[in-house]
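[1] Have a look; sequence and predicted model below, questions after that.
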Amino acid sequence: MIDHGLSDTRTREHRDAFLPFETGPLPRPLHRFGSTFPRAIAEAYCNSYTPRRGIVLDPFARPASAADAAHAADRRAVARHVSLFGEWARRVLAHAPAESELRASFTALRERAAGDAPLELVMRQLYGSTCPTCRAPVVVEAFIWERDAPVPGKKAYRCAVCGRAARTLLIEPVEDQDLGRAHEVDTDGGLRARLVKRFGEDEAARGFGESVVALYTPRNAAALELLLEAIDATLPGGRAQAFLRLALLEPLVAGSRLNAVAGVSGPLRIEKGRARRGTAAQHREINVWLEFERSFRELVQHIAPTLPPDGGIGRRPALGRASAPLPDIEMLVPEGADLVLFEAPTADLLGGWHAVAAALFFGATEAALRTDARASLRDRVLHLVRTALLEARRSSRPGAPAVAYVPHAEAGTIAAVALAGVAAGYRLRRILYQRDALAGVGRDRSSAAAFVEFAPQGVLVAEQPHADATKIEETIRAGVRGAIVSRGEPVDTDRAAVAALEALSDAKLLPALTLARGGGVSELELFLDHFRSALADGSRSGIQKVQHHAQDAYVLAIPGGENVPLDDRVEWNVFSLLSTLSDIDTRSLLRRVYALFRGVETPDRELVLRCIASYGVQDEAGRWRLRAADQLAARQEEHAAIAADLAHLGRRLGFKIWIGRHLQRRPAFAELMTDVERRVHLPLLIRGPGDVLADLDVIWYERGRMVFLWKIEWTARLHQVLVDLGEAIPDTERVFRFLVVPEERRDLIRLKFQRAPTLAGVAQQRAWRLVKYAPLRALALQDQVDLNGLEPIIGLEPPVEQGGHQMVFNW
């Protein structure tokens, strides 16, 4: 008997640290649903909150969603979806027949008669043309239309005669025969009328169907109806038929007028039971048959590794024949779910196409008539997640938590998910946010991701008293200030919103915001209004708005109370881990780094990877170890050698020298200074605290009353040098500051300056000159040296390392 009482066998391990994860692409048409749910996330939360073979409920199931990831983690998954189409698509793939049966079904489809000819021949004739160069027959892959034009203007095709063996896509103006063929398609409108009829007989459904069909050219509308009629006649009600319908999703979406030539086509918007047409200046009329073939082929290749051979039984139950009906969705969870795990619908590229596909493929038109695209994305997320979690909580065991993965996260969508969970009776426990968790996303989409975790012990919203607006905004400011202090760096708007939501939850004020819905006000808009108002009055809590990464960010108005900057702490911990570990893979190393920085201190992925690359080296198997040159003993010896070179170089240039007190303990360095130099009182030479000046490595002084301050670092932890030490030494026109760093830190220093414009501004304002180890040591070895030799070695990419340089400054 399975023990579902997790608390009886072991204590729950709350996830307070971000987790490294990867998402994989899906083939067409599944990529329209988003990407795969990260299996590392499902495994981690399942291990924390469920027993082996425990029940995980996914209320937003679709292909490759959390339900599949939980199944891979040896849990029993229950899949649902507030919109039927996503869950239907998942069932189609999960219960697909064998590959040979699928291919046989497709062969039967292409050979089925459509009028007087096989379907494939009829479909190819719809898009037939001739090459204007060699007059060879070709099949057009796409026609290009100008907006509101009555006919297409260009055609894209491949010619086997003059087009480099059909490898080159050619684009030419359409000809008269192409225009004639376009007008001859479905001349009586019968196919188009039958396509409209599929949406329903009543007036509302017919109006919706007409608005959808208007999104297609006459040729593509006819092609879709021909395909649907052929699929209807192929193994009616069977799993192969459902698979063919799913493959039709891609031409259904890509074949519409929303398929813009330039830019990315947005999801379909439905308002008041009508599909809205796009605003693109040009659109592509794709070849529906070619797109259907490609989509079917990619779908089969995607599921082939998981399919058992004919007549065999794989890891799943026996799949049956292609004509077997698709199993119904399991709506009840008799035992109760141990965990609710899902992906918030922020990455769905289908939008209203969910409703269109559901209406065409299995006659569910009601959802489309209720859809209203006037709501923003975050409002739709709020509504969908609240509805899903209300139902999920009823199907869960007492004490079962819920976790939402939010891709492409921003302040509005994170707040929508958090408030939806609170409205459903959960308590917000933790939000883990990373600004660049999703690598390689398009410029128009956020690369941030968040994990929103809910505890089941929520406060009943009806019993929650109204909260004072002043108290809410004070709590928001306190949360944002705490995040600034913890990170020791500017906090952007999205991260500030995360801190504000957690602070409101800790103060038990989030349920009060959800009461606004009863008064006709969105709780999401109410939170955002309070959030903006609180930060506009940030000066009340010592918070100041600045520009950071070309975005609004928040810092302490009076610096000094923050922790050491997160960048420097992450760097040192990466070095420490590489020093103690050997032969560790990237994922394990990232997991260990993230475990050291929990909650609001979660570092950016790029920063961690750049720190690893700065200190580590990979073997052929991709495993990391500390670079030999970065061994602590080696760096300490190199530090001493460079300090000695600086002392000798300063003496050769005619300066008196002073060596830092931490180096004077070594007999070799004590001998480099004269008795007079050892007895010098530094504040008489340079204005500044004596203990601060003594922390410098080498000082040159008294030549023409110039003073050269040298600080040697082997890390990229610049805050202590540039701010804590550098700001304590006043500027004069005769004081010159130098920071010596190794070549291996160049990229990391550049990244830190990009991430911390304030730090870069301090370096520029105080005229710190960065010098790398190698050019400095090369200068010290030259037979003849003068001060002008310093200028070419200054910078992370100094002129001396370039092909040539021009002297721009004489000392």
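    Received, thanks. Residues are numbered from 1 along each chain as shown.
[2] what's the pLDDT at residue 774?
    Per-residue confidence (pLDDT) for residue 774: 93.
[3] Look up how far residue 579 lies from it.
    In this view, residue 774 and residue 579 are 24 Å apart by CB to CB, to the nearest Å. No exception for glycine: its C-beta is placed from N, CA and C like everyone else's.
[4] for residue 784, same thing?
    41 Å.
[5] Then residue 700?
    For residue 700, the distance to residue 579 (CB to CB) stands at 34 Å.
[6] ranges for the strands of the stretch 501-650 of the chain?
    543-548, 551-556, 616-618, 624-626 (DSSP state E, counting those that start in this stretch).
[7] Stretch 685-698: which residues count as buried?
    Along stretch 685-698, these residues count as buried under the neighbour rule (16 or more other CB atoms under 10 Å): 685, 686, 688, 692, 693, 695, 696, 697, 698.
[8] Next up, the contacts around the nearest residue to residue 730 once chain neighbours are set aside.
    Spatial nearest neighbour of residue 730, excluding adjacent residues (CB to CB, 6 or more residues apart in numbering): residue 687 at 4.8 Å. Listed by CB atoms under 8 Å, 6 or more residues apart in numbering, the contact set of residue 687 reads 729, 730, 732.
[9] List only buried entries from those residues.
    Judged by 16+ other CB under 10 Å, buried ones among the contacts of residue 687: residue 729.
[10] Out of the contacts of residue 687, which is nearest to residue 393?
    Checking the contacts of residue 687 against residue 393 by CB to CB gives residue 729 as the nearest, at 60.7 Å.
[11] on that earlier part again, among the strands of the stretch 501-650 of the chain, which is the most enclosed?
    Sort the strands of the stretch 501-650 of the chain by mean neighbour count, taking mean count of other CB atoms under 10 Å, and strand 624-626 sits at the top with a mean of 20.
[12] Pick out whichever of residue 784 and residue 579 has more residues nearby.
    With neighbours defined as other CB atoms under 10 Å, residue 784 and residue 579 compare such that residue 579 has more, 14 against 6.
[13] My read is that the more buried one contacts residue 627, right?
    No - Residue 579 is beyond contact range of residue 627, at 10.6 Å (criterion: CB atoms under 8 Å).
[14] where does residue 452 land in three-state SS?
    Secondary structure state of residue 452, per DSSP: H, G, I helix; E, B strand; the rest coil, is strand.
[15] again with residue 77
    strand.
[16] and it, what are its bridge partners?
    Using DSSP bridges, the bridge partners assigned to residue 77 are residue 56.
[17] what's the pLDDT at it?
    89.
[18] Which stretch among the strands of the stretch 501-650 of the chain approaches residue 134 most closely?
    strand 616-618 (52.6 Å).
[19] who touches that closest one?
    574, 578, 624, 625, 626, 627.
[20] Can you give me the domain assignment for the protein?
    Following automatic domain parsing, one gets these domains for the chain: 6-92+327-418+427-433, 100-306, 566-626, 632-801.
[21] Looking at the ones you listed, which is nearest to residue 449?
    domain 6-92+327-418+427-433 (5.4 Å).
[22] that older thread, could you dump the domains of the chain into TSV and include distance to residue 468?
    Output for these, formatted as TSV (distance: least, CB to CB, whole Å):
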stretch	distance to residue 468
domain 6-92+327-418+427-433	20
domain 100-306	38
domain 566-626	25
domain 632-801	35
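[23] which of these sits most buried?
    Comparing these by mean neighbour count (mean count of other CB under 10 Å), domain 6-92+327-418+427-433 ranks first with a mean of 21.
[24] Off-centre distance for it?
    Using CA atoms, centre = their mean, to the nearest Å, the mean C-alpha position of domain 6-92+327-418+427-433 is found 17 Å from that of the whole chain.
[25] Among the buried residues of stretch 685-698, name the ones in strands.
    The strands, defined by DSSP state E, take in residue 698 from the buried residues of stretch 685-698.
[26] same for the strand ranked longest in the chain, what does it pack against?
    Of all segments of type strand in the chain, defined using DSSP E, the longest is strand 137-146. Here strand 137-146 touches strand 128-130, strand 154-157, helix 176-184, strand 282-286, going by 3 or more CB pairs under 8 Å, 6 or more residues apart in numbering; DSSP states H and E.
[27] looking at the ones you listed, which is closest to residue 615?
    strand 282-286 (48.9 Å).
[28] Could you list the residues in contact with the closest one?
    Contact with strand 282-286 is made by 141-147, 152, 156, 217, 219-220, 251, 254-262, as judged by CB under 8 Å, 6+ apart.
[29] Let's see that with 10 Å instead.
    Here strand 282-286 makes contact (CB atoms under 10 Å, 6 or more residues apart in numbering) with 127, 140-147, 149, 152-156, 182, 215-220, 223, 250-251, 254-263, 265, 277.
[30] ok, back up a step: and the domains of the chain: which comes nearest residue 506?
    Shortest distance between residue 506 and the domains of the chain, using CB to CB, is found for domain 6-92+327-418+427-433: 9.0 Å.
[31] I'd guessed residue 522 sits against residue 420; true?
    No - using CB atoms under 10 Å, residue 522 and residue 420 do not qualify as a contacting pair, with a distance of 11.3 Å.
[32] Between those two, which is the more surrounded one?
    Neighbours were counted for residue 522 and for residue 420 using other CB under 10 Å; residue 420 has more, 27 against 20.
[33] between residue 522 and residue 420, what contacts are shared?
    Going by CB under 10 Å, 6+ apart, residues that sit against residue 522 and also against residue 420 are 382, 383.
[34] Would you mind measuring from residue 487 to residue 495?
    From residue 487 to residue 495 the distance is 8 Å (CB to CB).
[35] Provide a list of residues in contact with the most centrally placed residue in the chain.
    Nearest to the mean C-alpha position of the chain, counting by CA atoms, centre = their mean, stands residue 438 at 2.5 Å. Residues near residue 438 by CB under 10 Å, 6+ apart: 21-23, 35, 347, 407-409, 445-449, 605.
[36] Would you map the strands across the stretch 651-800 of the chain?
    Under DSSP E, counting those that start in this stretch, the stretch 651-800 of the chain gives strands at 656-659, 698-703, 706-712, 735-741, 768-772.
[37] Include distance to residue 43 when you put these into CSV, please.
    Formatted as CSV, those follow (distance: least, CB to CB, whole Å):
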stretch, distance to residue 43
strand 656-659, 55
strand 698-703, 53
strand 706-712, 45
strand 735-741, 40
strand 768-772, 44
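[38] which of those has the lowest average pLDDT?
    strand 698-703 (a mean of 88).
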